[in-house]
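Engineer: sequence and predicted structure below; questions after.
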Amino acid sequence: MTETTNSARDQPTPKVDITPETIYNLIKLVEQNAPLLALLENHKPGPQDALKSEPKGASDMAKRHKQRVRIGTDEKGAAIYKWADGHTVEELNDNIVRLYIEHGLLRKFLDSHPNIVILDSKSKKDCPTFREYANQWYKKYKEQKLRTTSDSGYKSAFRLHLFPFFGDKRLDEITTDFIQEFLNAKADLSYSTVHSMLILFKQIMASAFEDRLIPFDPAVSKRITIPSTGKKTRDALTPEQVKAIIEAIPTLVDPDERRMLALFVFTGMRRGEVLGLRWEDIDFKKKLIHVERNITYAHNQPEIGSTKTNSGKRSIPLDSRLAEFLKPHCSAGYVLGGAEPMTQMVFRRVFKHIEKNVELFGATPHIFRHTYITTLAKANVDLKTIQRISGHANITTTLNIYTHTREEEIQEAGDKIGELLGK
């Protein structure tokens, strides 16, 4: 903070904040041996005499910001001070740095701040764009560590959000303000979505700073906030809607379509888990379905992998109506697809055909899963059992759905009480 006073006799003054941008611009010129008086040629000129001696009088200083700067000690060890001033805080900060340069103190200051990187003009000229650097960084440090679904999600974030906003900007042109503008523009997205993009962006900028491509990392600023309107809740289907869908399943001619829709309605399994289900995973005698694997897609082709989490491997109840829809039963192979899992294109075609023939009320595979878990909560199944059936690794996820269901029941109870009281 900079202090403005009306008196020439001042008490010790608080430190003045010097931005990394100011340090960078001045050091860059110093390294090029520019004349001292040319250091601030882009700033508005001010009275230079004020930098070389104490202020002439209180009346002159009343209109200016000023700061007493310690520049060294005399032969007796007493501190030597000089005055810096400026019409604005920014000009004052620059003039303080002038004094550091004049008296050889700037290098000492920089040595105590390792996070400030000195770049020469060649580094600035060769600085890549965000798109160029991000693509190289992602392939080298990120891509090989990710599951196919995660890889697809990150690439979508680049294509739809990060590259349109930052892509053509040079890394050294990206400022904290520009980052905040990006976050403000994404306020309509869920907090978790924006937060995941920000984490990815910060990893890239931190790497660029480590590679000395930028003088400082603008993404570490504590000013950055995510102004998201919050997570958009997906509404579960109503019991009446679910009943209508179940009644329409037999009208589907294709066996894969009947099985697919029935599995989504009666199991709460994730899309990849449904596609990865094999006939030998279904125990018709014990009425259990064993979830053992998950299908992801890479360029349309199915990839067989483990479940999303360790908790994903689980057993779930086999509803008697689902068992009927699964007929005729096979002894081996995938329940959907046969000898091999469905490709992504086939899955989309089958699901779109179901939507044309059955009113799904806007339901997606994820909404069917959310509806199933919500139904378990409404049936008063205990929280831990719901977590095991749903395959949630974190009980907080289950609790959020459970709590939301209980809030709906409280609202319904309020309506009934109002009716009884003659509302």
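Structural biologist: Yep, it's here. Numbers count the residues shown, from 1 in each chain.

Engineer: was I right to think residue 261 contacts residue 245?
Structural biologist: Yes: between residue 261 and residue 245 there is a contact at 7.3 Å, judged by CB atoms under 8 Å. Just so you know, the C-beta spots here come from the backbone N, C-alpha and C atoms, and that holds for glycine as well.

Engineer: quick one: the helices in the stretch 251-400 of the chain?
Structural biologist: 255-267, 271-275, 320-325, 344-357, 365-378, 383-390, 395-420 (DSSP state H, counting those that start in this stretch).

Engineer: quickly compare the ones you listed and say which is most buried.
Structural biologist: helix 271-275 (a mean of 25; mean count of other CB atoms under 10 Å).

Engineer: now that one: mean pLDDT?
Structural biologist: For helix 271-275, mean pLDDT is 93.

Engineer: neighbouring contacts of it?
Structural biologist: 149, 260, 263-264, 267, 291, 293-296, 302, 307-308, 312, 334, 336-337, 341-342, 347, 365-366, 391 (CB atoms under 8 Å, 6 or more residues apart in numbering).

Engineer: could you pull out the buried residues of stretch 84-99?
Structural biologist: By 16 or more other CB atoms under 10 Å, the buried positions in stretch 84-99 come out as 84, 85, 86, 91, 92, 93, 94, 95, 96, 97, 98, 99.

Engineer: pLDDT and secondary structure added to these, as a markdown table?
Structural biologist: Putting the buried residues of stretch 84-99 into a markdown table (pLDDT from 0 to 100; DSSP: H, G, I helix; E, B strand; the rest coil) gives the following:
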| residue | pLDDT | secondary structure |
| --- | --- | --- |
| 84 | 88 | strand |
| 85 | 89 | strand |
| 86 | 87 | strand |
| 91 | 84 | helix |
| 92 | 86 | helix |
| 93 | 84 | helix |
| 94 | 80 | helix |
| 95 | 82 | helix |
| 96 | 82 | helix |
| 97 | 79 | helix |
| 98 | 77 | helix |
| 99 | 77 | helix |
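
Engineer: can you tell me which of those residues is nearest residue 210?
Structural biologist: residue 97 (25.7 Å; CB to CB).

Engineer: before we move on, the earlier item: can you tell me which of the helices of the stretch 251-400 of the chain comes nearest to residue 135?
Structural biologist: That would be helix 344-357 among the helices of the stretch 251-400 of the chain, by CB to CB, at 23.9 Å.

Engineer: tell me the contacts of the closest residue in space to residue 95 that isn't next to it in sequence?
Structural biologist: Once flanking residues are discounted, residue 95 sits nearest to residue 84: 4.2 Å by CB to CB, 6 or more residues apart in numbering. Contact analysis of residue 84 by CB under 8 Å, 6+ apart lists 50, 51, 66, 67, 68, 69, 92, 95, 96, 98, 99.

Engineer: what residues of stretch 326-336 count as buried?
Structural biologist: Result for stretch 326-336 [16+ other CB under 10 Å]: buried residues 326, 334, 335, 336.

Engineer: farthest pair in those?
Structural biologist: Longest span within those, CB to CB: 326 and 334, 12.5 Å.

Engineer: pLDDT weak spots in the protein?
Structural biologist: 1-63, 104-125, 228-234, 308-309, 401-423 (pLDDT under 70).

Engineer: give the contact list for residue 133.
Structural biologist: Per CB under 8 Å, 6+ apart, neighbours of residue 133: 171, 204, 208, 213.

Engineer: of all pairs in these, which one is the farthest apart?
Structural biologist: 204 and 213 (10.7 Å).

Engineer: any common contacting residues for residue 261 and residue 245?
Structural biologist: Common neighbours of residue 261 and residue 245 (CB under 8 Å, 6+ apart) are residue 358.

Engineer: show me what contacts the closest residue to residue 209 other than its chain neighbours?
Structural biologist: Setting aside the residues directly before and after it, residue 209 is nearest to residue 217 in space (CB to CB, 6+ apart), at 4.3 Å. By CB under 8 Å, 6+ apart, residue 217 lies in contact with 115, 205, 206, 208, 209.

Engineer: the fourth one should be in a helix, yeah?
Structural biologist: Yes: read with DSSP: H, G, I helix; E, B strand; the rest coil, residue 208 is one of the residues of a helix.

Engineer: separation between it and residue 172?
Structural biologist: 9 Å (CB to CB, to the nearest Å).

Engineer: list the residues that contact both of these two?
Structural biologist: residue 214.

Engineer: which one of these two has more residues nearby?
Structural biologist: Between residue 208 and residue 172, residue 208 has the larger neighbour count (other CB atoms under 10 Å), namely 22 against 18.

Engineer: can you give me the distance of the more buried one to residue 220?
Structural biologist: Per CB to CB, residue 208 is found 12 Å from residue 220.

Engineer: then residue 391?
Structural biologist: 36 Å.

Engineer: of the two, who's got more company?
Structural biologist: residue 391 (23 against 13).

Engineer: tell me, how many neighbours does the nearest residue to the more buried one once chain neighbours are set aside end up with?
Structural biologist: Nearest non-adjacent residue to residue 391, counting by CB to CB, 6+ apart: residue 312, 4.4 Å away. Counted with other CB under 10 Å, residues neighbouring residue 312 total 20.
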